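Undergrad: Coordinates for the following, if possible.
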Amino acid sequence: MDYTHSRYYNPALTGLTQITHSVDQLLKVITYLPENEQQQLVDCCFYAAEAHKADIRSSGEPFICHPIKVAEILAREVQFDLTVLQAGVLHDVVEDTAVSKSDITEIFGQEIADLVDGVTKLKKEKGMSRQELQAQTFKKLAIAMEEDPRVVMIKFADRVHNMQTISALKVDRQIAIAKETLEVYAPIAERLGMSVFKNTLEELAFRTLHPLRSKLINSFIDQTHARREDEFLAVQEKLTQIFQTVGINAHVRKRRRSACTIHNKMKAGKANKKSLQNAGLPLIVITETRDECYRVLGIIHELYKPIASKLKDYIALNKSNGYQSIHTTVLSKNRALNFQIRTRDMHTVAESGIIALWR
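TA: Residues are numbered from 1 along each chain as shown. Sure, this is the predicted structure:
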């Protein structure tokens, strides 16, 4: 796409090469949008770039690269529509530039202006203790969630990118932001069933607060996965053949353990290196229908010895955040196999929670 034809393109923008690169990356993940909407989003990027032209991030890059990345995260993880992506690009302009809400309303419409205003209202007030800030942030997110959940999605994407680029800040600021991420944002994401954000935020915060532990645990996870690859492939092949024989359209996948979760279990004395090495193999089976979930459960229990106390049916009795899946643990010749069985739609909700409504 030739950006020079964009409505708000300015060849004199400082850091134009970095800005156009950010737009390039965004375009790669919005192929699901019609071409005319892609052009509208590019126009929005250069409008925001002009508004933020005097702003530089701590990393030294043009500030506009951050909100463009926020839109990229929203597009990649959720495939939000044009309205939300434009609001993601514009989410800082009212707070940080001379652009007003009425300006956005006039150019981009009331809905986008309201989303930007909603994100702006989530900004922190100065002169408060960390505990007060956490309580205030939690309250504001809860109110925003009721008024328009999309505002919270934009805020989560904003926090994800800030955590990804946090190394540019002073160490004390890194620690404060990482703690708030763990104590406020990740729990809210979990409550809303948004594991796609919850897991990412936890891992990024853990890496910031405990870089050495994060490196060691992730190295351990990688080594464990490598050692168990043959076991996984054997189980996958066996089950896939049976599914095909009986006419079930299902796929077997691995689940990666979270370094942050492992650390918390070790800290609480609920796990050690030996127990983790001998832990069950975490697997997911994705089916097309609810009926197939129960048929898959029966097949797995015929192949392997089930542990009755580990069987949980969250399809019949789904969790309050909408999560649905059958959990079962069975014993193979080498180790336990921990299965989660759910449909493709259930998996979308399991990964995304309430944002699955916009997928």
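
Undergrad: I'd guessed Q40 sits against Q86; true?
TA: Yes: applying Cβ atoms under 8 Å, one finds Q40 in contact with Q86, separated by 7.3 Å. C-betas here are computed from N, CA, C, even on glycine.

Undergrad: okay, and for the stretch 1-150 of the chain, where does confidence drop off?
TA: Along the stretch 1-150 of the chain, segments meeting pLDDT under 70 span 123-128, 130, 133-134.

Undergrad: Which one's more surrounded, Q40 and Q86?
TA: For the pair Q40 and Q86, the greater number of neighbours falls to Q86 (27 against 18), based on other Cβ atoms under 10 Å.

Undergrad: Please report how far the closest residue to the more buried one other than its chain neighbours lies from L283.
TA: Excluding the flanking residues, the one nearest Q86 by Cβ to Cβ, 6 or more residues apart in numbering is C44, at 4.6 Å. Applying Cβ to Cβ, to the nearest Å, the value for C44 to L283 is 42 Å.

Undergrad: To what extent is A178 buried, counted in neighbours?
TA: 20.

Undergrad: That one against A205, yeah?
TA: Yes: judged on Cβ under 8 Å, A178 makes contact with A205 at a distance of 4.2 Å.

Undergrad: shared neighbours of those two, anything?
TA: Residues touching both A178 and A205 by Cβ atoms under 8 Å, 6 or more residues apart in numbering: M163.

Undergrad: Could I get the phi/psi values of the residue nearest to Q86?
TA: Per-residue torsions, C44: phi -60, psi -40 (degrees, to the nearest 10).

Undergrad: Any figure for the gap between V116 and L122?
TA: Per Cβ to Cβ, V116 is found 11 Å from L122.

Undergrad: who has more neighbours, the two?
TA: Between V116 and L122, V116 has the larger neighbour count (other Cβ under 10 Å), namely 27 against 19.

Undergrad: That one sits in which helix or strand?
TA: Assigning secondary structure by DSSP states H and E places V116 in helix 110-120.

Undergrad: What is the helix or strand immediately after that helix in the chain packed up against?
TA: Once the chain leaves helix 110-120, the next helix or strand it forms, by DSSP H and E, is helix 130-147. In terms of contact count using 3 or more Cβ pairs under 8 Å, 6 or more residues apart in numbering; DSSP states H and E, helix 130-147 is assigned the packing partners helix 149-164, helix 171-180, helix 186-191.

Undergrad: what angle sits between helix 130-147 and helix 171-180?
TA: Counting by axes from the mean of the first three to the mean of the last three Cα atoms, to 10 degrees, helix 130-147 lies at 50 degrees to helix 171-180.

Undergrad: now helix 130-147: how far from the chain's centre is it?
TA: 20 Å (Cα atoms, centre = their mean, to the nearest Å).

Undergrad: which residues touch it?
TA: By Cβ under 8 Å, 6+ apart, the surrounding residues in contact with helix 130-147 are 118, 121-122, 124-125, 128, 151-152, 155, 176, 179-180, 183-184, 188, 192.

Undergrad: Which of these ranks first by neighbour count?
TA: Of the contacts of helix 130-147, with other Cβ under 10 Å as the count, V152 tops at 28 neighbours.

Undergrad: Contact partners for it?
TA: Neighbour list for V152: L141, A144, M145, I188, L192 [criterion: Cβ under 8 Å, 6+ apart].

Undergrad: ok, now with 6 Å
TA: For V152, the contact set (Cβ atoms under 6 Å, 6 or more residues apart in numbering) comprises L141, A144, M145.

Undergrad: Need phi/psi at the residue lying closest to N278 once chain neighbours are set aside.
TA: Distances taken as Cβ to Cβ, 6+ apart put R335 closest to N278, at 6.7 Å, once the chain neighbours are dropped. When read as degrees, to the nearest 10, the backbone of R335 gives phi -170, psi 180.

Undergrad: Count the residues that sit near R335.
TA: With neighbours defined by other Cβ under 10 Å, the count for R335 comes to 14.

Undergrad: What of D2?
TA: Counted with other Cβ under 10 Å, residues neighbouring D2 total 7.
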